[in-house]
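Enquirer: Build me a structure from this.
(chains A and B)
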Amino acid sequence: MKFGVVVFPGSNCDADCYHVIKDVMQRDVDYIWHKETSVEGYDALILPGGFSYGDYLRTGAIARFSPIMPAVVDFAEQGGLVIGICNGFQILLEAGLLPGAMLRNRSLKFICRPVYLKTKRIDTPFSNRLSQDQVIKIPIAHGEGNYFCDAKTLQSLQDNRQIIFTYCNEEGQETPEANPNGSLANIAGICNLIGNVLGMMPHPERCAEEVLGGSDGFYVFDSMITWLKGAMK
Amino acid sequence: MYKANIYVTLKEGVLDPQGEAVKKSLKILDHAQVEEVRIGKFIEVWLTSKDRGSAVKELEEMSDKLLANPVIEDYRVELTEVE
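Expert: Have a look, this model is predicted:
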């Protein structure tokens, strides 16, 4: 089982993701430079957080045309596991692997703090080690995480159960106050129709071990490994 | 040679937090008559297309694909011939 962390110019959570997969999850992992054109041999890809291409034009807009991206899109279309975290989520949106777009945070502030998330669905490769409606605490760190899509797209996200994580309070209520950035329907993470591509603004790699003050993020990666183990049988 | 002015604006109904903040500042500056502020992008592109038609076609292609995000933005292209 091998993970690949795609590194764009300006990625800055790549080392954290690599560390979690290698040292915490004890799995094989490589960096994949954005100028590569193949993802052969990998079982899961991570698009890490950061500021690819300095967020020029729009977040993720330029990274989406990196040489590696056709291979990532192909991998995703063939059912490969792809998780985009923060800037990685923004890149997946720009690439059209996930629906919608990101707007500036409602407050215009860059927000860097732990938030509570509600687990909306657990029959996915990214959440099978969590329980239904479980409240987890994971940090966010972004200026543009205000998820937006049109009403029709939101309806289809809801109908097809593509919303995996929402912002909530400690009690699990998805209130407007618990929404840090103004995201539509408190959306923090969504998957594609088939469920093999997840985008989430919060950073599970920043809280996958207790020494960092929380380990809820561990279960996102552990879910991927559990799912891959099942798929490889 | 052609020069294009491309105006990228947020679609109607899409919240513009930047515009809202600037509007508040304008109010503080006593511009009480300001009703709404929307902020977009202005992009200049010079091209060596052989004629107007092919320049427009190319500009639309680049706008659809990269310069604007159709989920949240509209764009408008102005084209002039330059030396």
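
Enquirer: CA only for contacts and neighbour counts going forward, please
Expert: Will do.

Enquirer: What ranges does chain B have for its strands?
Expert: Secondary structure of chain B (DSSP state E): strands located at B:2-10, B:41-47, B:73-81.

Enquirer: Tell me which of those strands is the most buried.
Expert: Mean neighbour count, computed with mean count of other C-alpha atoms under 10 Å in any protein chain shown, is highest for strand B:2-10 among those, reaching a mean of 19.

Enquirer: Is any residue of that strand near chain A?
Expert: No: counting by C-alpha under 8 Å from any C-alpha of the partner chain, chain A is not contacted by strand B:2-10; separation bottoms out at 9.9 Å.

Enquirer: Tell me which other helices or strands that strand touches.
Expert: Under the contact definition 3 or more C-alpha pairs under 8 Å, 6 or more residues apart in numbering or on different chains; DSSP states H and E, strand B:2-10 sits against strand B:41-47, strand B:73-81.

Enquirer: Is A:Ile46 part of a helix or strand, or is it coil?
Expert: At A:Ile46 the chain is in strand, as set by DSSP: H, G, I helix; E, B strand; the rest coil.

Enquirer: What residues sit buried inside whichever strand or helix holds A:Leu154?
Expert: Assessed by DSSP states H and E, A:Leu154 sits inside helix A:151-159. Buried residues in helix A:151-159, counting neighbours by 16 or more other C-alpha atoms under 10 Å in any protein chain shown, are found at A:Leu154, A:Leu157.

Enquirer: residues near B:Ser54, how many?
Expert: 12 (other C-alpha atoms under 10 Å in any protein chain shown).

Enquirer: distance of the nearest residue to A:Gly217 once chain neighbours are set aside from A:Phe126?
Expert: Of all residues beyond its chain neighbours, the one nearest A:Gly217 is A:Pro204 (3.8 Å), with distances taken as C-alpha to C-alpha, 6 or more residues apart in numbering or on different chains. Distance of A:Pro204 to A:Phe126, computed by C-alpha to C-alpha, to the nearest Å: 11 Å.

Enquirer: still on that earlier bit, let me have the helices and strands packed on strand B:2-10 in JSON lines, extended by distance to B:Val34 and mean pLDDT.
Expert: Listed next are those as JSON lines, based on distance: least, C-alpha to C-alpha, whole Å; pLDDT from 0 to 100:
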{"stretch": "strand B:41-47", "distance to B:Val34": "20", "mean pLDDT": "97"}
{"stretch": "strand B:73-81", "distance to B:Val34": "23", "mean pLDDT": "96"}
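
Enquirer: closest one to A:Gln158 among the ones you listed?
Expert: Closest to A:Gln158 of the helices and strands packed on strand B:2-10 is strand B:73-81 (C-alpha to C-alpha; 23.6 Å).

Enquirer: so, in contact with chain A or not, the closest one?
Expert: No: if you take C-alpha under 8 Å from any C-alpha as the test, strand B:73-81 misses chain A, and the best it gets is 10.0 Å.

Enquirer: Packing partners of that strand?
Expert: If contacts are counted by 3+ C-alpha pairs under 8 Å, 6+ apart, strand B:73-81 sits against strand B:2-10.

Enquirer: so where's chain A shaky on pLDDT?
Expert: A:233 (pLDDT under 70).

Enquirer: what does the lowest-mean-pLDDT helix or strand in chain B rub up against?
Expert: In chain B, the helix or strand scored least confidently by mean pLDDT, DSSP states H and E is helix B:17-28, which has a mean of 94. Defining contact as C-alpha atoms under 8 Å, 6 or more residues apart in numbering or on different chains, one finds that helix B:17-28 is touched by A:Arg104, A:Asn105, A:Arg106, A:Ser107, A:Leu108, B:Ala32, B:Val34, B:Glu35, B:Glu36, B:Val37, B:Arg38, B:Ile39.

Enquirer: Name the single longest helix found in chain A.
Expert: helix A:218-232 (DSSP state H).

Enquirer: chain center to it: distance?
Expert: 15 Å (C-alpha atoms, centre = their mean, to the nearest Å).

Enquirer: can you pull the buried residues of it?
Expert: Residues of helix A:218-232 classed as buried: A:Phe218, A:Tyr219, A:Val220, A:Phe221, A:Asp222, A:Ser223, A:Met224, A:Ile225, A:Thr226, A:Trp227, A:Leu228 (neighbour count, 16+ other C-alpha under 10 Å).

Enquirer: export those residues to TSV and tack on distance to chain B?
Expert: Below are the buried residues of helix A:218-232 laid out as TSV (distance: C-alpha to the nearest C-alpha, whole Å):
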residue	distance to chain B
A:Phe218	33
A:Tyr219	32
A:Val220	28
A:Phe221	30
A:Asp222	33
A:Ser223	31
A:Met224	30
A:Ile225	33
A:Thr226	35
A:Trp227	32
A:Leu228	33
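
Enquirer: how many neighbours does the residue nearest to A:Gly217 have?
Expert: A:Pro204: 25 neighbours (other C-alpha under 10 Å).

Enquirer: and it, what is it in contact with?
Expert: Taking C-alpha under 8 Å, 6+ apart as the criterion, A:Pro204 is in contact with A:Ile138, A:Pro139, A:Asp216, A:Gly217, A:Phe218, A:Val220.
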